[in-house]
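[1] Need coordinates for the below:
(2 chains)
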Amino acid sequence: MARKEWMINAAMFIIGVVFVIESLRLGLGSVRHPGPGLLPLYTGVALGLVASFSLVRAFLAPKGERDKEKFFGPSIGNVVIILLGLVAYVFLLPWLGYIISTFMLLIFLFRAGGFRKWGLIVLLAFLATAATHLVFSSWLNLRFPKGIFGF
Amino acid sequence: MELFRGFEIAFQLGNLFACFVGVLVGTLVGVLPGIGPTAAIAILLPFSFSLTPVAGIIMLAGIYYGAMYGGSTTSILVNIPGEAASVVTCMDGYQMAKQGRAGPALGIAAFGSLIAGTFSVAGLMLIAVPLAKVAIKFGPPEYSSLVCLGLIILVTLTGGSIAKGMMLGLLGLILSFIGLDTISGLPRFNFGIMHFMDGISIVPLIMGIFGVGEVLINIEKGDQRATLMETSYKGLLPSLKDWKESIVAILQGSVVGFFLGVLPGGGAIISSFVSYWVQRKISRHPEKLGTGAIEGVAAPEAANNAAIGGSFIPLMILGIPTNAVIAILMGALIVHGVKPGPDLLDKYPDIFWGFVASMYIGNGMLLILNLPLIPVWVQILKVPYRILFPLILLFTIIGSYSVNNSLFDVSLTIFFGVVGYLLRKFNFEAAPLIMAFVLGPILEESFRQSLIISRGSFAIFVNRPISLAFLLLGVVFLVSPFILHICHAFKTRKGY
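    This next block holds a predicted model:
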């Protein structure tokens, strides 16, 4: 058991507690007429119990080999950058529309992934944007956001 | 007769095309390491909604069994399993490739898969009808107990820590409670967010955890390109000697795979490992396994394909998914307005029999696709991940957006992507979460209905024999790992 797992166990415990409180607020009804909070209450209590058991076990566990290992891999920076890029894309999509924001996202992702050839990056981003727009918007009638430029 | 009707449906042009696209995409994702069938089905799930229910399920199922075929190619040629169910194939497949026998290895993998796939479809057909007649008698208490049993078996068999499996199962149930309460109509657990009024859609959850999560974990590892084995893959047709050595392995893999596929948590991965273990036990030359024995390729490849047919039985007849892929397929059917369960055969015979017939056709297509196209798949293996992942992410985003034209769903997909990434980092298996999420509404509805029927008495779950049997089985599965652990500790202390 890796000691670092206390973090995820603690998160599960908190989720369990939140759902127990919310279930009690919703009302449990009676066993003859179970209310909307009854089964969520049981589930929340069970999650809290299992998580607290795992939490205690994680704290009591001796330091193993896995605890000495680095938690994040060599390219964790790329993971963060890519996630930020995806979040930015969701914000930009309604403003810039599908075509511009997707083209920009793809260039960003190719670069973040370590692709160095600019010409090829732009070509691939253009082709993927055009192809997906053609298939999903023109053929499958999916309505992408058009943004301030109207496309 | 129904099967003939099924073939009529499966041979309709649209369905035939859906089958072809499914097995083609399946083979492709099976070949490409870094994207498994679960992620591929998750990504293509929203696109299946634009098809008819039967074409949608045919395509998604095609991806599942197609991936099993494709996975063997990378295992044999590169020693990297394209998907988890082909891990065991590496042991003997790669050794055969090193000895210049990649051709027969690929050939027996494809033929073994075809035989096992056909066997499991026949099994599915034969078992489904009688089982449906029994299952139609199930009431709410039986369903509650059956869902509990399914979740317990999955948690205990998925591998890794039982506590982790339980936590994710419970989390999946909790997520399924978000949204309107089906009985009282009250909104629940939306925490003031309007988008949660209708609950969490299965698409962002699955695409996030399996699609985005898998991409993030691969990026973190860095670009690990495979070195292709420079070997000849000519002579794909196995010789008579190869057939003699592998026919028992194929048959044993088919039987083991099919029955393990029926069990919740069983599925293709466990089946391939178990059939390899069985092969070692029954082989005349067990010492040869692991050194390039053709039976070491045939057994797991047959098993992982046979498991698929088996895993459709609980879905189609009981409405209970046995693994994450099947849970996604169940989600797809529900979105199409088709509720899998004992009355599926009566209500939607076209879907069931059309799907069964398409699996026969799909298995044949795969043989044609796999053997002559192996050089093409090998070339595809050379595509670097830094080109693939932006496209995978783009398809994931479009897929999650397309269901409701909702950017909130895209945000949710990214959020669940981070959750999926963290689960992998902490060695959590996501299958219990997805299954519990899909089964949550069935469990809650049947649980509450049972209590209403019994006027508040929990005895209803133990007074009915089938329900009691399910619960007892659940207890056995839950307690057996602890008993085995205690027995093992006792034996170790005694020194034998």
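
[2] what bits of the chain have low per-residue confidence?
    This is for chain A. Scanning chain A for pLDDT under 70 picks out A:1-3, A:64-68.

[3] please go with chain B instead
    Across chain B, the ranges flagged by pLDDT under 70 are B:1, B:33-35, B:80-84, B:157-160, B:223-235, B:264-267, B:494-496.

[4] now the strands: where do they sit in it?
    Taking DSSP state E, the strands of chain B run over residues B:179-180, B:187-188.

[5] What is the burial count for residue B:105?
    Residue B:105 has 33 neighbours, counted by other C-beta atoms under 10 Å in any protein chain shown. Backbone N, C-alpha and C define where each C-beta goes, glycine included.

[6] Tell me how far it lies from residue B:301.
    According to C-beta to C-beta, to the nearest Å, residue B:105 stands 9 Å off from residue B:301.

[7] now swap in residue B:279 and tell me
    11 Å.

[8] what's the overlap in contacts for those two?
    residue B:253 (C-beta atoms under 8 Å, 6 or more residues apart in numbering or on different chains).

[9] between those two, who's got more neighbours?
    residue B:301 (38 against 27).

[10] what's the burial count for the nearest residue to that one once chain neighbours are set aside?
    Nearest residue to residue B:301, sequence neighbours excluded (C-beta to C-beta, 6 or more residues apart in numbering or on different chains): residue B:109, at 4.4 Å. A count of neighbours around residue B:109, defined by other C-beta under 10 Å, yields 33.

[11] From residue B:407, how far off is the spatially most central residue of chain B?
    By C-alpha atoms, centre = their mean, chain B has its centre lying nearest to residue B:325, at 3.8 Å. Going from residue B:325 to residue B:407 by C-beta to C-beta gives 27 Å.

[12] count of neighbours near residue B:25?
    22.

[13] do the same with the one 5 residues further on
    By the criterion of other C-beta under 10 Å, residue B:30 has 34 neighbours.

[14] what about the most far-flung residue of chain A relative to its centre, distance to chain B?
    Distance from the C-alpha centroid of chain A peaks at residue A:32, with 39.4 Å (C-alpha atoms, centre = their mean). Distance, residue A:32 to chain B, using C-beta to the nearest C-beta, to the nearest Å: 4 Å.

[15] How about residue A:5?
    6 Å.

[16] Help me confirm that that residue comes into contact with residue A:56.
    No - Residue A:5 is not in contact with residue A:56 according to C-beta atoms under 8 Å; the separation is 11.6 Å.

[17] The two: which is more packed in?
    Taking other C-beta under 10 Å, residue A:5 and residue A:56 do not tie; residue A:5 has more neighbours (24 against 12).

[18] Neighbours of the spatially closest residue to the more buried one that is not a sequence neighbour, how many?
    Closest residue in space to residue A:5, ignoring its immediate chain neighbours: residue A:58 at 4.7 Å, by C-beta to C-beta, 6+ apart. Neighbour count of residue A:58, defined by other C-beta under 10 Å: 18.

[19] Give me the contacts around the host helix or strand of residue A:58.
    In the assignment (DSSP states H and E), residue A:58 maps to helix A:38-60. Here helix A:38-60 makes contact (C-beta under 8 Å, 6+ apart) with A:1-6, A:9-10, A:12-13, A:15-20, A:22-24, A:26, A:28-29, B:163-164, B:166-167, B:170-171, B:173-174, B:177, B:188-189, B:443-444, B:447-448.

[20] give me that answer again for 6 Å
    A:3, A:5-6, A:9, A:12-13, A:16-17, A:19-20, A:23, A:28-29, B:163, B:166-167, B:170, B:173-174, B:177, B:444, B:447 (C-beta atoms under 6 Å, 6 or more residues apart in numbering or on different chains).

[21] Who are the contact partners of residue B:341?
    Contacts of residue B:341 (C-beta under 6 Å, 6+ apart): residue B:319.

[22] Recalculate using a threshold of 8 Å.
    Contacts for residue B:341 (C-beta under 8 Å, 6+ apart) come out as B:135, B:317, B:318, B:319.

[23] Looking at the residues you listed, state which has the most neighbours.
    Neighbour counts for those (other C-beta under 10 Å) peak at residue B:317, which has 26 neighbours.

[24] ok, back up a step: hang on, isn't the residue nearest to residue B:301 packed against residue B:71?
    No - judged on C-beta under 8 Å, residue B:109 makes no contact with residue B:71 at a distance of 9.1 Å.

[25] so where do the helices sit in chain A?
    Assigned by DSSP state H, chain A shows helices spanning A:6-26, A:38-60, A:65-68, A:76-112, A:118-132.

[26] Of all the ones you listed, which one is nearest residue B:193?
    helix A:6-26 (13.2 Å; C-beta to C-beta).

[27] For the closest one, which helices and strands make contact with it?
    helix A:38-60, helix B:162-177 (3 or more C-beta pairs under 8 Å, 6 or more residues apart in numbering or on different chains; DSSP states H and E).

[28] Now do it: everything it contacts.
    A:35-38, A:40-41, A:43-52, A:54-55, A:58-59, B:167, B:170-171, B:174, B:177, B:186, B:188-189, B:422, B:426, B:428.

[29] quick one: residue A:126 from residue A:132, how far?
    In this view, residue A:126 and residue A:132 are 11 Å apart by C-beta to C-beta.

[30] neighbour-wise, which of those two wins?
    Using other C-beta under 10 Å, the more surrounded residue of residue A:126 and residue A:132 is residue A:132, with 21 against 14.

[31] didn't the more buried one look like it was pressed against residue A:102?
    Yes - using C-beta under 8 Å, residue A:132 is in contact with residue A:102, at 7.1 Å.

[32] which neighbours do these two share?
    Jointly contacting residue A:132 and residue A:102 under the rule C-beta under 8 Å, 6+ apart are residue B:394.

[33] and the stretch 151-300 of chain B, which residues reach chain A?
    With C-beta under 8 Å from any C-beta of the partner chain as the criterion, the stretch 151-300 of chain B meets chain A at residues B:161, B:163-164, B:166-167, B:170-171, B:173-174, B:177, B:181, B:183-184, B:186, B:188-189, B:212, B:216, B:219-223.

[34] Great, nothing more from me.
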